[in-house]
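Trainee: Could you work out the structure for the sequence below:
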Amino acid sequence: MRKALFVIGILSTALWSNPTLHTQFPTIDREGDNLADPNLAWQIQQRITPEIDGQNIFSILHHSDGKSVIIGTTDFSIYRISLLDGSLIWKVETKIKYQREWDGTKIYDVSPDGISFLSFGQTDNDLQSSERFLVIRSSNNGSITKKFSSEFSLFYSVTADIDYRYPGDESKKNREEAGLSPNWIMTIDNAKYIDGGKRILVSYKHNMDGPNFYDRRLVIYDSTSGKKINEFQLTADPDSADWTQPAGFETAHHQFPYQYVNKRNTIIYGNAHGRIHEINESIMVQNSNIPLVEEKKAGSIVYIPLSTSPDLEIKDRQTIRSVTISPDGKMLYCSAGIEGGYIQVYGYNLETKKEMFRSTFFDAGELITPSNDILVIGGLFSSGKFNIVDTKKGILLFASNENDKYIHPHIFSVNPKLREVLALSSTRELLILRPQGAVTPW
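Mentor: Numbering: from 1, shown residues only. So this is what the prediction gives:
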């Protein structure tokens with residue numbers, strides 16, 4: 001009897017210590033409708049018409065209270081809206097003179113305490129090439145409480161056509177007089193509160209198109225003082241680098257997905273060569289202290305998702321589109337593929353260092369994992385669909401198929417408190433999705 005109990009104890013410990021070994025993923029078809037089990041499916045539980053003056057929504061993000069949402073519009077306004085009835089709490093205008101196609105105010109993140117949120121400003125509204133910089137705004141009224149200094153490029157490469165670093169005030173003036181563009185300008189790409197809101201992790205990209213897409217950087221700031229703490233220049237790892245190209249990348253990095261992992265005190269990011277790296281602050285210091293990008297440290301490779309497409313000659317070069325880490329810090333999920341649509345979702349166990357699944361090919365862009373069993377998937381392309389998956393059971397919980405279930409593939413937010421997702425419909429309604437029955441926490 002004692003021996004039997006000992007064996008049962010060993011089995012129980014093994015199962016408890018490796019719960020993510022059962023992570024699975026359902027089959028999602030690229031064409032046609034995908035149907036969820038009606039007994040387990042999430043439903044559109046509420047439709048809200050927000051009071052936003054008829055403007056088009058560009059981005060949405062839950063406030064930390066879970067009862068309101070902050071909305072950025074294509075007319076460059078910001079609203080805070082009650083999720084009870086869509087009523088207006090406040091509105092501010094953030095007009096920018098020069099706007100890109102399908103552009104608007106982006107809400108990057110809300111502080112854990114709900115006091116503030118992250119967005120952007122522009123240095124000179126009358127200058128088309130002026131950079132966008134990080135701002136902190138008050139959640140109480142939308143006013144700017146802190147502006148961060150704009151960032152200039154540090155990109156220095158022996159294979160790049162030119163030196164992208166700031167040339168000095170005299171050269172800047174000469175270029176302006178000659179009608180040449182300021183090729184040292186960086187613009188904000190994304191921003192996240194980390195370390196309980198004490199610090200902010202920000203990604204930057206070059207303000208110009210073309211080969212400048214290779215110029216990407218991570219910067220950590222103190223959220224109170226605005227002081228820069230650390231930074232990291234994106235570079236290819238030596239084993240996959242092509243040093244005839246800037247930063248060693250054969251393809252430009254349109255996406256620069258990254259996540260701060262609280263359980264590990266590290267940053268995990270994906271690159272254009274299908275590599276997922278992990279860096280700590282020591283690696284960031286080493287990277288920033290080396291001027292030449294070809295010699296900078298890229299960080300250790302955590303995972304390389306391999307494509308199963310028969311149409312690809314090189315299976316390990318899918319651009320990483322999105323990465324997300326489960327709240328327990330054990331599972332890494334990523335979407336990776338090429339522009340032709342050969343995109344897959346991958347699950348990788350960070351503890352066992354084992355790939356748990358590769359999905360079928362479908363339009364998979366941004367991934368969010370609000371709990372250890374739920375994965376929310378937005379399409380990469382504008383024509384893409386929106387899905388919610390239970391990765392423990394390996395089943396599809398929601399799929400946007402019919403017109404009445406249409407959800408914008410890029411514009412959605414996860415409630416920080418309750419088991420529900422907020423998404424945008426084709427009629428500019430906000431849809432609250434959640435399981436059937438009583439509302440429960442994550």
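Trainee: Residue 346 reaches residue 337, doesn't it?
Mentor: No: judged on CB atoms under 8 Å, residue 346 makes no contact with residue 337 at a distance of 10.2 Å. All C-beta spots, glycine's among them, are computed from the backbone N, C-alpha and C.
Trainee: Show me the beta-bridge partners of residue 345.
Mentor: Beta-bridge partners recorded for residue 345 (DSSP bridges): residue 335.
Trainee: where's it relative to residue 356, distance?
Mentor: To residue 356, residue 345 is 11 Å away according to CB to CB, to the nearest Å.
Trainee: out of these two, which sits in the more crowded spot?
Mentor: Comparing residue 345 with residue 356 by other CB atoms under 10 Å, the one with more neighbours is residue 345, at 27 against 19.
Trainee: Now do the contacts for the more buried one.
Mentor: Neighbouring residues of residue 345 by CB atoms under 8 Å, 6 or more residues apart in numbering: 25, 333, 334, 335, 357, 358, 359, 364, 367, 375, 377.
Trainee: which regions of this structure lie under the pLDDT threshold?
Mentor: 1-21, 97-101, 127-129, 209-211, 340-341, 402-404 (pLDDT under 70).
Trainee: tell me the contacts of the residue at minimal distance from the centre of it?
Mentor: In the chain, the residue lying closest to the centroid (CA atoms, centre = their mean) is residue 257, at 5.3 Å. Applying CB under 8 Å, 6+ apart to residue 257 gives the contacts 269, 270, 320, 321, 322, 323, 334.
Trainee: nearest residue to residue 71 other than its sequence neighbours?
Mentor: residue 79 (4.5 Å; CB to CB, 6 or more residues apart in numbering).
Trainee: Make sure the one you found is indeed in a helix.
Mentor: No: counting by DSSP: H, G, I helix; E, B strand; the rest coil, one finds residue 79 to be strand, located in no helix.
Trainee: what about it, distance to residue 85?
Mentor: In terms of CB to CB, residue 79 sits 14 Å off from residue 85.
Trainee: Compare those two and say which one has the larger neighbour count.
Mentor: The residue with more neighbours, out of residue 79 and residue 85, is residue 79; 24 against 11, by other CB under 10 Å.
Trainee: hey, what's the more buried one bridged with?
Mentor: Beta-bridge partners of residue 79, as defined by DSSP bridges: residue 71, residue 91.
Trainee: quick one, what contacts it?
Mentor: 50, 51, 52, 70, 71, 73, 88, 89, 90, 91.
Trainee: ok, and the most crowded of the residues you listed?
Mentor: The most neighbours of any of these, using other CB under 10 Å, belong to residue 71, which has 26 neighbours.
Trainee: OK, contacts around that one?
Mentor: Taking CB under 8 Å, 6+ apart, one finds 50, 52, 57, 59, 60, 78, 79, 80, 81, 107 in contact with residue 71.
Trainee: Closest to residue 144 out of these?
Mentor: Set against residue 144, the nearest of the contacts of residue 71 by CB to CB is residue 78 (10.6 Å).
Trainee: How about the contacts made by that closest one?
Mentor: Taking CB under 8 Å, 6+ apart, one finds 70, 71, 72, 91, 92, 93, 94, 105, 107, 119, 137, 142 in contact with residue 78.
Trainee: Show the buried residues in these.
Mentor: 70, 71, 72, 91, 92, 94, 105, 107, 119, 137, 142 (16 or more other CB atoms under 10 Å).
Trainee: wait, doesn't the first one sit right on residue 82?
Mentor: No: because the distance of 11.5 Å does not satisfy CB under 8 Å, residue 70 is recorded as not touching residue 82.
Trainee: Can you show me the helices along this protein?
Mentor: Assigned by DSSP state H, the chain shows helices spanning 2-17, 169-177, 281-288.
Trainee: one step back: can you tell me how far the residue nearest to residue 71 sits from residue 429?
Mentor: In terms of CB to CB, residue 79 sits 15 Å off from residue 429.
Trainee: What about residue 175, how many residues nearby?
Mentor: 15.
Trainee: Quick check on the spatially closest residue to it that is not a sequence neighbour: phi, psi?
Mentor: Once flanking residues are discounted, residue 175 sits nearest to residue 182: 6.7 Å by CB to CB, 6+ apart. Here is the backbone geometry of residue 182 (degrees, to the nearest 10): phi -80, psi 90.
Trainee: Among the contacts of residue 79, give me the pair with the biggest separation.
Mentor: Taking CB to CB as the measure, those span a maximum distance of 15.0 Å, between 73 and 89.
Trainee: gap between residue 193 and residue 61?
Mentor: When residue 193 is compared with residue 61 (using CB to CB), they lie 12 Å apart.
Trainee: Find residues that contact each of those two.
Mentor: 109, 110.
Trainee: Verify the stated contact: residue 344 with residue 334.
Mentor: No: counting by CB under 8 Å, residue 344 sits too far from residue 334 to count as a contact (9.1 Å).
Trainee: any common contacting residues for the two?
Mentor: Shared contacts of residue 344 and residue 334, defined by CB under 8 Å, 6+ apart, comprise residue 305.
Trainee: Comparing those two, which residue is more hemmed in?
Mentor: residue 334 (26 against 23).
Trainee: you'd agree that one is up against residue 271?
Mentor: No: using CB under 8 Å, residue 334 makes no contact with residue 271, being 11.3 Å away.
Trainee: hey, what's in contact with both of the two?
Mentor: Counting by CB under 8 Å, 6+ apart, the residues touching both residue 334 and residue 271 are residue 320.
Trainee: For stretch 46-63, buried residues please.
Mentor: 46, 48, 50, 52, 55, 57, 58, 59, 60, 61, 62, 63.
Trainee: Among these, which lie within strands?
Mentor: 46, 48, 57, 58, 59, 60, 61, 62 (DSSP state E).
Trainee: Kindly indicate which of those lies nearest residue 439.
Mentor: When these are compared against residue 439 (criterion: CB to CB), the nearest one is residue 46, at 10.9 Å.
Trainee: ok, what's across the strand from that closest one?
Mentor: Bridge pairing for residue 46 - DSSP bridges - gives residue 432.
Trainee: ok, now residue 368?
Mentor: Those that pair with residue 368 in a beta bridge, by DSSP bridges, are residue 376.
Trainee: Please name the nearest non-neighbouring residue to residue 147.
Mentor: Closest residue to residue 147 apart from its sequence neighbours, by CB to CB, 6+ apart: residue 135 at 5.3 Å.
Trainee: Sweet, I'm off.
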